[in-house]
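1. show me the folded form of this:
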Amino acid sequence: MRKYIEHIAGKMPDKDWQLYKQHLKAVKSKKGEVILGLQKPCKTIWHMTKGAVRKFEMDNGIEKTTHFYVAPKVFTVLHSVLTGGPSDLSIICEEDCEFLTLDIDQLADLYQQSIYIERVGRRMAEEEFIEEFSMRRMFLKLDALQRYEYMEQKHPEVLMRFQLKDVATFLGVTPETLSRLRKMRFSA
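-> Numbering: from 1, shown residues only. Below is the predicted model:
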């Protein structure tokens, strides 16, 4: 996990990594386990070392996927963390997962103790912003077929590791439409 974090945030001195690492708690979750329920405040940063998870929201009683994450990945529900309010997203394990979790309440103390850890937090927030911005641009600029092609090119692991019904809701189409898009791609 250190290598992944340093890839995003830059080299971290050993003493700062040891400080950060001592606050991480190893957790295993089974496929199908909800690690954050809807309307629960998010108080965790997950450092996923194995597995895959999916974020989703409920829209008029319909589950809609908003994000896919595959290890290694660090993620949270930033809006809930920053506001302290309930999350409008839920997170479910789509595979057996292993995490190193960090309690948000400990993070402020860590920021006071290490500028490097504060840099990690800032870079992780920036990464989430970039992902959200890219996704927004994808939905504004691309039609359904182009969104599918984008996923095929940029995130093929999503198409291999997640259920197509969840990919369909992520792309903003029905499973039947996704099936037609896939047939168009394979017959072209």
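
2. please pull out the lowest mean pLDDT helix or strand from this protein.
-> Using mean pLDDT, DSSP states H and E, helix 175-187 stands out as the lowest-scoring helix or strand of the chain, at a mean of 86.

3. which strands and helices sit next to it?
-> Applying 3 or more C-beta pairs under 8 Å, 6 or more residues apart in numbering; DSSP states H and E, we find helix 175-187 packed against helix 144-154, helix 164-171. (Glycine included, C-beta is placed from N, CA and C.)

4. if we compare those helices, which one ends up closest to K25?
-> helix 164-171 (28.0 Å; C-beta to C-beta).

5. show me how far stretch 57-73 is from its chain's centre.
-> How far stretch 57-73 lies from its chain's middle: 9 Å, per C-alpha atoms, centre = their mean, to the nearest Å.

6. avg pLDDT for whichever strand or helix holds E126?
-> Using DSSP states H and E, E126 falls within helix 115-141. Averaged over helix 115-141, pLDDT sits at 92.

7. measure E149 to R54 for me?
-> 21 Å (C-beta to C-beta, to the nearest Å).

8. just A125 next, same as before
-> Distance from A125 to R54, by C-beta to C-beta: 21 Å.

9. between these two, who's got more neighbours?
-> Counted by other C-beta atoms under 10 Å, A125 and R54 do not tie: R54 has more neighbours, with 25 against 14.

10. return the distance of the host helix or strand of that one from the chain's centre.
-> In the assignment (DSSP H and E), R54 maps to strand 52-59. The chain centroid and the centroid of strand 52-59 are separated by 9 Å under C-alpha atoms, centre = their mean.

11. buried sites along it?
-> Of all the residues in strand 52-59, those buried under the rule 16 or more other C-beta atoms under 10 Å are 52-57.

12. K64 and F56 touch, don't they?
-> Yes - counting by C-beta atoms under 8 Å, K64 touches F56, with 6.1 Å between them.

13. which residues are common contacts for these two?
-> Counting by C-beta atoms under 8 Å, 6 or more residues apart in numbering, the shared contacts of K64 and F56 are T169.

14. sorry, back to before: contact partners of the strand holding R54?
-> With C-beta under 8 Å, 6+ apart as the criterion, strand 52-59 contacts 35, 38, 46, 63-71, 75, 77, 88-95, 97, 161-162, 166, 169.

15. could you list which of the residues you listed belong to strands?
-> 35, 46, 63-70, 75, 90-93, 97 (DSSP state E).

16. highest neighbour count among the residues you listed?
-> I91 (24 neighbours).
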